[in-house]
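**Student:** Predicted model and sequence follow; I will ask about them next.
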Amino acid sequence: MKAIMVMFDSLNRRFLPPYGCDWVEAPNFERLARNSAVFHNCYAGSMPCMPARRELHTGRYNFLHRAWGPLEPFDDSVPEILRNNGVYTHLVTDHQHYWEDGGATYHNRFSTYEFFRGQEGDAWKGRVPEPGSALDPRKHEGMRRQDRINRAFLKEEADHPQTRVFDAGIEFIRTNTDRDRWFVQIECFDPHEPFFSPDRYKRHNRDPDKEPPLDWPDYKRVDQPPEIVQQVRDEYAALLAMCDHSLGRVLDVMDELDLWKDTLLIVCTDHGYLLGEHGWWAKMVQPWYDETIHTPLFIWDPRCEARDRREALVQTIDFGPTLLDFFGLPLTPDMEGRPLTGTLATDVPVRKGALFGTFGGHVCVTDGRHVYMRAPKDAANSPLYQHTLMPTHMRWRFPPGELEGAELHPPFSFTKNVPILRMPGYDAGRASAFDFGTLLFDLATDPGQQRPLIDDEVELRMIELMLDLMRRNDAPPSQFERLGLPAEGKADRSHLLAERQADRSGAAERGG
């Protein structure tokens with residue numbers, strides 16, 4: 001038995017023909033849909049990149065306890081469990097966050113790994129600024145400068161990190177096709193911004209010297225005219241076409257080597273991306289709308305050979321358990337995800353609800369139809385604490401000032417009797433959840449999430465579902481307090497309804 005995971009970053013399901021898109025050409029995603037189970041109710045959990053990857057490894061939520069960071073000493077890691085039980089695991093990726101401070105413990109869980117340089121301002125090629133000039137102190141502008149330098153070394157399609165990732169992944173498959181019990185994760189950063197792709201994938205013929213490519217939107221509200229928004233969407237679609245081509249290369253190898261008979265194939269993403277929808281670019285600074293959190297998922301399992309639509313509610317936390325089950329290994333007691341074996345065979349449900357969100361932002365829950373986004377009870381967004389033994393952010397270590405208030409916290413249910421550091425969350429409110437207010441949507445009647453629903457009975461039901469999932473996750477008491485929810489017992493109906501009426505009025509005044 002063998003397994004392949006093809007993972008893209010920031011893949012918006014609404015740009016894919018199998019999910020209803022009628023203007024983007026992606027023939028290999030359509031080909032994949034004809035040869036796999038297509039999941040229509042898959043949701044990400046902890047956002048964004050590395051929190052999502054922690055879920056891939058551990059099969060449990062991250063965002064209620066901690067922001068971006070490495071695997072913890074007490075974390076179960078599916079690639080490591082596989083490796084320790086005789087399954088060879090290999091990672092090929094151009095995702096530079098694995099090699100930064102906030103991701104440095106993930107890749108070493110695999111038996112072997114390969115990394116290809118040059119994506120999104122990756123600190124790769126060195127070029128000292130011209131005499132008399134200075135580096136822009138703003139972090140994002142520094143990344144853009146580095147990206148311009150890197151692109152000078154990516155002239156041909158063969159040079160692109162995405163191409164090299166799929167070259168290496170296919171090389172691994174070909175090299176080991178006659179061997180048994182292996183798993184390869186072919187993970188590319190695309191179609192994450194910047195949307196840099198060869199000209200042959202583009203739908204337009206603009207001169208890059210006269211018209212710089214509009215391929216890297218800022219994380220903010222859209223303030224460009226519709227024609228500019230469409231140009232950015234075209235650049236995303238061009239990069240998606242390149243991803244589709246790369247996916248086709250894997251499908252070709254599956255056909256050529258007859259791997260469909262004994263190889264599990266998972267094609268997935270960590271989250272989606274806003275390209276002007278809801279008046280926003282990107283992610284993180286707005287609520288987790290459907291385009292960012294409701295993700296595409298395709299799975300081929302040779303044991304059941306399902307090739308049709310699946311409606312059961314599933315999440316990223318289920319991917320690791322599915323791999324363990326495929327190789328006949330038990331789940332660890334701390335895993336909240338469930339194997340999708342039965343869902344693949346007969347669409348049997350594995351959960352009634354799914355949590356999702358980002359540290360310090362809305363805590364959200366869906367039952368597959370309704371989506372409830374709970375905002376903090378006040379603008380201070382407190383109390384909010386980080387709980388970690390690996391105090392690093394994306395690209396830097398926690399500075400001493402952040403650690404001054406650290407204290408030792410008793411173990412959580414999943415820390416294996418290990419106490420943990422607790423310190424104030426430095427990025428409280430970064431998602432401006434209080435300004436947006438608490439939101440409730442009915443995807444059956446409002447799939448575009450344009451009309452927040454006011455329905456007290458539905459809201460109370462979704463609160464109870466959220467409370468159940470938070471408690472199962474052993475969420476810190478501070479999270480319940482921050483949201484104005486009880487850590488134990490049922491929510492008080494009269495108190496919550498009065499609180500929500502005030503919240504609606506306040507959100508309207510703030511323009512949320």
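**Tutor:** That came through fine.

**Student:** For residue 440, which residues are in contact?
**Tutor:** Neighbouring residues of residue 440 by Cβ atoms under 8 Å, 6 or more residues apart in numbering: 370, 371, 372, 373, 452, 453, 454, 455, 458, 459, 462. For every residue, glycine as well, the C-beta is placed using N, CA and C.

**Student:** out of those residues, who's nearest residue 149?
**Tutor:** residue 373 (39.5 Å; Cβ to Cβ).

**Student:** Count the residues that sit near the closest one.
**Tutor:** Residue 373: 26 surrounding residues under other Cβ atoms under 10 Å.

**Student:** Over to residue 365?
**Tutor:** 25.

**Student:** So it versus residue 356, what's the distance?
**Tutor:** 8 Å (Cβ to Cβ, to the nearest Å).

**Student:** before we move on, back to that, name only those of the contacts of residue 440 that count as buried.
**Tutor:** 370, 371, 372, 373, 452, 453, 458, 459, 462 (16 or more other Cβ atoms under 10 Å).

**Student:** Quick check: helices, which of those residues are part of them?
**Tutor:** 458, 459, 462 (DSSP state H).

**Student:** Pick the one among those closest to residue 326.
**Tutor:** Nearest to residue 326 among those, with distances taken as Cβ to Cβ, is residue 462, at 32.9 Å.

**Student:** Can you list the residue ranges for strands in the stretch 251-400 of the chain?
**Tutor:** 263-269, 274-275, 281-282, 294-300, 309-310, 314-315, 354-358, 363-366, 370-374, 385-388 (DSSP state E, counting those that start in this stretch).

**Student:** before we move on, what SS does residue 243 have?
**Tutor:** helix (DSSP: H, G, I helix; E, B strand; the rest coil).

**Student:** what residues are up against residue 181?
**Tutor:** Here residue 181 is in contact with 1, 2, 86, 87, 88, 327 (Cβ under 8 Å, 6+ apart).

**Student:** One more: residue 49?
**Tutor:** So residue 49 contacts 9, 68, 95, 97, 270 (Cβ under 8 Å, 6+ apart).

**Student:** What of residue 433?
**Tutor:** Residue 433 neighbours (Cβ under 8 Å, 6+ apart): 287, 360, 361, 362, 373, 375, 376, 381.

**Student:** Any idea how many residues pack against the third one?
**Tutor:** It stands for residue 361. Neighbours of residue 361 (other Cβ under 10 Å): 27.

**Student:** Roughly how far does it sit from residue 376?
**Tutor:** 9 Å.

**Student:** avg pLDDT for stretch 94-110?
**Tutor:** Mean pLDDT, computed over stretch 94-110, is 96.

**Student:** Check stretch 173-180 too.
**Tutor:** For stretch 173-180, the per-residue pLDDT averages 97.

**Student:** what about the helices in the stretch 351-500 of the chain?
**Tutor:** Applying DSSP state H, counting those that start in this stretch to the stretch 351-500 of the chain gives helices spanning 400-403, 433-436, 456-472, 477-483, 493-510.

**Student:** I'd like the contacts of residue 49 laid out as a markdown table, including secondary structure.
**Tutor:** Shown next, in a markdown table, are the contacts of residue 49 (three-state DSSP):
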| residue | secondary structure |
| --- | --- |
| 9 | coil |
| 68 | coil |
| 95 | coil |
| 97 | helix |
| 270 | coil |
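
**Student:** Of these - the most surrounded one?
**Tutor:** Going by other Cβ under 10 Å, residue 95 tops the contacts of residue 49 with 28 neighbours.

**Student:** Just give the nearest non-adjacent residue to it, would you?
**Tutor:** Closest residue to residue 95 apart from its sequence neighbours, by Cβ to Cβ, 6 or more residues apart in numbering: residue 189 at 5.0 Å.

**Student:** wait, doesn't that neighbour sit right on residue 94?
**Tutor:** Yes: counting by Cβ atoms under 8 Å, residue 189 does reach residue 94; the two are 5.1 Å apart.

**Student:** Common neighbours of those two, please.
**Tutor:** In contact with both residue 189 and residue 94: 119, 161, 162, using Cβ under 8 Å, 6+ apart.

**Student:** Please spell out the PyMOL selection for the buried subset of the residues you listed.
**Tutor:** Filtering those down to the buried ones (16+ other Cβ under 10 Å) takes a single PyMOL command:
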select buried, resi 119+161+162
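
**Student:** Please determine how far the spatially most central residue of the chain is located from residue 359.
**Tutor:** Closest to where the C-alpha atoms of the chain average out (Cα atoms, centre = their mean) is residue 270, at 2.7 Å. Using Cβ to Cβ, we find residue 270 at a distance of 15 Å from residue 359.

**Student:** Low-confidence ranges, the chain, go.
**Tutor:** 132-139, 204-213, 426-431, 494-512 (pLDDT under 70).

**Student:** what domains does the record give for it?
**Tutor:** 2-118+154-351, 360-384+425-510 (automatic domain parsing).

**Student:** Can you say which of those is packed in most?
**Tutor:** domain 2-118+154-351 (a mean of 20; mean count of other Cβ atoms under 10 Å).

**Student:** end-to-end on it?
**Tutor:** 27 Å (Cα to Cα, to the nearest Å).

**Student:** rewinding a little: just checking, the residue nearest to the centre of the chain touches residue 297?
**Tutor:** No: Residue 270 is beyond contact range of residue 297, at 11.5 Å (criterion: Cβ under 8 Å).

**Student:** what is in contact with those two at once?
**Tutor:** By Cβ under 8 Å, 6+ apart, no residue touches both residue 270 and residue 297.

**Student:** what's the residue nearest to residue 95 in contact with, if anything?
**Tutor:** 9, 93, 94, 95, 96, 119, 120, 161, 162.

**Student:** Checking my notes, it in a strand, right?
**Tutor:** No: the assignment for residue 189 by three-state DSSP gives coil, which leaves it out of any strand.

**Student:** For it, give me phi and psi.
**Tutor:** phi -70, psi -30 (degrees, to the nearest 10).

**Student:** I'd like the distance between it and residue 150.
**Tutor:** 12 Å.

**Student:** if I read this right, residue 325 contacts residue 343, doesn't it?
**Tutor:** No: using Cβ under 8 Å, residue 325 is not in contact with residue 343; the gap is 11.2 Å.

**Student:** Return the distance of residue 174 relative to residue 256.
**Tutor:** 9 Å.

**Student:** and if you look at residue 415?
**Tutor:** Taken as Cβ to Cβ, the span from residue 415 to residue 256 is 46 Å.

**Student:** what's the answer for residue 175, then?
**Tutor:** From residue 175 to residue 256 the distance is 14 Å (Cβ to Cβ).
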